[in-house]
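J.: Build me a model from this:
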Amino acid sequence: MKYSFEYQPGNVLLKRNLNVNDEPLISIITPFYNVNEVFIQTYNSVMNQTFPWFEWIIIDDGSTNENSVKLLNELSLKDPRIKVFHEKNGGVSHARNVGISYSTT
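T.: The predicted model follows:
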């Protein structure tokens, strides 16, 4: 079966009443660089998961767009599982490695 890019599951944030205060069992590590126009779909997709025992570590890899940084900081305030770290631009691999170093799982 071929994937259809017309279907975009992150367009809608679902309302879920999941317990988000337990210890995380997995870490989601996401590099971020000036992607505010598409990142909301990533946010919705992660938050729509039915498995609530995760921590989401987002590494801002030196974003230069103020709106991107502002959006990232606003989203991080919405859920205690989201942790944002700001780094100098070092590339995707560096951002992932930094995320791994902050991971608790």
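J.: just checking, residue 73 touches residue 82?
T.: No - counting by C-beta atoms under 8 Å, residue 82 is not a contact partner of residue 73; they are 10.2 Å apart. Where C-beta positions appear, they are placed from N, C-alpha and C, glycine not excepted.
J.: quick one, which of these two is more surrounded?
T.: Neighbours were counted for residue 73 and for residue 82 using other C-beta atoms under 10 Å; residue 82 has more, 21 against 12.
J.: was I right about that one contacting residue 75?
T.: Yes - look at residue 82 against residue 75 with C-beta under 8 Å: they come within range, at 6.5 Å.
J.: in this structure, which helix or strand is least confident?
T.: helix 36-47 (a mean of 89; mean pLDDT, DSSP states H and E).
J.: The next helix or strand after that one pairs with which strands?
T.: The element immediately downstream of helix 36-47 (helix or strand, assigned by DSSP states H and E) is strand 54-61. Using DSSP bridges, the strands paired with strand 54-61 in its sheet are strand 26-32 (parallel), strand 82-87 (parallel).
J.: Residue ranges in the protein under the pLDDT threshold?
T.: Low-confidence segments of the chain (pLDDT under 70): 1-5.
J.: repeat that with 90
T.: Scanning the chain for pLDDT under 90 picks out 1-22, 35-38, 50.
J.: Relative to the whole chain's centre, how far out is the least confident helix or strand of the chain?
T.: Taking C-alpha atoms, centre = their mean, to the nearest Å, one finds helix 36-47 lying 7 Å from the centre of the chain it belongs to.
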